[in-house]
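In: what shape does this take:
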Amino acid sequence: MSSIAYVTDTNMIEYHRLCGTREMNFWRLSSKKDFKDFRKGDLLFFYARGKHRRKKGFVGYAHYVRTHKLSIKQMWKRYGTSNGYDNMKALEDAIFKAAKDRPIPEKMNCLYLRDAVFFQSPVYPEEVGLQISENLESFCYLDQEDPQTTVRILRKAEENGIDLWSASQSFEPENIFHQDEFRHNLALISTVIGKEGWNQKETMRAAKLAQAKVSEDGWEYIRNSRTDCLKLTKNGAVIAVPFISQTKNRQLRIAELIGKIELYRLYLKAAGGFAENITFEILYETEPRDVLQLVESINNERL
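Out: Model (predicted):
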């Protein structure tokens with residue numbers, strides 16, 4: 001799991017906000033500083049000046065999908081106004097202005113983003129215990145020193161309010177925002193809970209079960225985990241946890257599984273959100289009826 005703060009042109013991002021853009025293309029003149037450990041679904045925060053202050057802050061974010069190389073003509077042909085401008089001439093002018101007399105590469109690195117969410121007012125770095133250099137020109141990672149930074153930004157944005165200008169029957173930014181907040185809270189909780197006491201072979205078996213689960217529609221890995229899985233529903237979530245055991249350690253593994261589920265429940269309750277609408281599944285190789293009954297009992301309890 002990784003989030004970045006990306007220095008963004010104020011006029012371009014305001015264009016996206018007013019147009020209710022869901023998908024957008026960001027171009028990069030320089031490829032000297034590449035993204036590392038930045039994967040599909042990670043959050044790119046728009047770091048720009050607000051409408052009423054010259055100071056830069058986080059004005060929204062979108063989900064990273066992919067990076068590819070395109071010429072200016074290819075950018076416009078593929079993405080049109082999703083580049084943040086009314087016409088190709090305006091896009092070209094913005095690129096030449098940003099280049100500052102430097103040569104324009106034939107093809108530029110482009111970031112394709114999806115499901116943009118805008119904040120009603122900027123979240124400033126100092127409000128979330130973050131220091132960002134005034135001279136930042138491109139981007140910086142947010143969670144490298146403190147994995148809770150993204151969660152703090154999202155919580156502060158929730159206090160300020162989410163911009164619902166782009167809301168429609170098919171796109172609900174507020175719902176997307178709450179799901180992102182839940183994902184990042186869950187990733188932190190998973191890290192705090194820690195790994196199971198599996199040996200190497202057991203870990204490989206658990207990872208294989210999880211890999212099969214995330215291949216199903218709607219399922220994804222809990223960030224920072226390769227064994228625990230998540231499926232977001234309209235009003236809640238389902239968490240799937242592998243159950244791996246041998247005859248000699250079966251009772252211990254049952255205790256570990258139930259303990260892990262209870263820790264998830266307690267931490268999620270403390271975090272708030274839609275914790276009360278969470279259920280659990282177990283992933284297994286051979287059906288363990290007694291364990292399934294235990295998990296069913298937990299799911300039937302009110303949190």
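
In: residue 259: neighbouring residues, count only.
Out: When neighbours are counted by other CB atoms under 10 Å, residue 259 registers 11. (C-beta placed from N, C-alpha, C; glycine too.)

In: tell me which helix or strand it sits in.
Out: Element membership for residue 259 (DSSP states H and E) is helix 250-271.

In: quick one: contacts of that helix?
Out: Contacts to helix 250-271, defined as CB atoms under 8 Å, 6 or more residues apart in numbering, come from residues 185-186, 189, 192-193, 196-197, 239, 241, 243-245, 275-276, 278, 280, 282, 290-291, 294-295, 298, 303.

In: can you list the low-confidence ranges for this protein?
Out: 1, 30-33, 166-171, 273-276, 303 (pLDDT under 70).

In: residue at max distance from the center of it?
Out: Summary for the chain: using CA atoms, centre = their mean, the residue whose C-alpha lies farthest from the chain's mean C-alpha position is residue 248, with a distance of 39.7 Å.

In: which phi and psi does that residue have?
Out: Residue 248 has phi and psi values of phi -70, psi -20 when expressed as degrees, to the nearest 10.

In: coming back round to it: just how off-centre is the helix holding residue 259 within its chain?
Out: Taking CA atoms, centre = their mean, to the nearest Å, the mean C-alpha location of helix 250-271 is offset from the chain mean by 24 Å.

In: with just CA atoms, put that helix into PDB.
Out: Extracted in PDB, the C-alpha atoms of helix 250-271 (Å, rounded to 0.1, in the frame of the first residue of the first chain):
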ATOM      1  CA  ARG A 250      -5.300 -28.000  14.600                       C
ATOM      2  CA  GLN A 251      -6.600 -26.700  17.900                       C
ATOM      3  CA  LEU A 252      -3.800 -24.100  18.100                       C
ATOM      4  CA  ARG A 253      -4.700 -23.000  14.500                       C
ATOM      5  CA  ILE A 254      -8.400 -22.700  15.400                       C
ATOM      6  CA  ALA A 255      -7.500 -20.500  18.400                       C
ATOM      7  CA  GLU A 256      -5.300 -18.300  16.200                       C
ATOM      8  CA  LEU A 257      -8.000 -18.000  13.600                       C
ATOM      9  CA  ILE A 258     -10.800 -17.000  16.000                       C
ATOM     10  CA  GLY A 259      -8.400 -14.700  17.800                       C
ATOM     11  CA  LYS A 260      -7.500 -13.000  14.600                       C
ATOM     12  CA  ILE A 261     -11.200 -12.500  13.600                       C
ATOM     13  CA  GLU A 262     -12.000 -11.000  17.000                       C
ATOM     14  CA  LEU A 263      -9.100  -8.600  16.700                       C
ATOM     15  CA  TYR A 264     -10.300  -7.500  13.300                       C
ATOM     16  CA  ARG A 265     -13.700  -6.900  14.800                       C
ATOM     17  CA  LEU A 266     -12.500  -5.000  17.900                       C
ATOM     18  CA  TYR A 267     -10.100  -2.700  15.900                       C
ATOM     19  CA  LEU A 268     -12.700  -2.000  13.200                       C
ATOM     20  CA  LYS A 269     -15.300  -1.100  15.900                       C
ATOM     21  CA  ALA A 270     -12.800   1.400  17.400                       C
ATOM     22  CA  ALA A 271     -12.100   2.800  13.900                       C
END
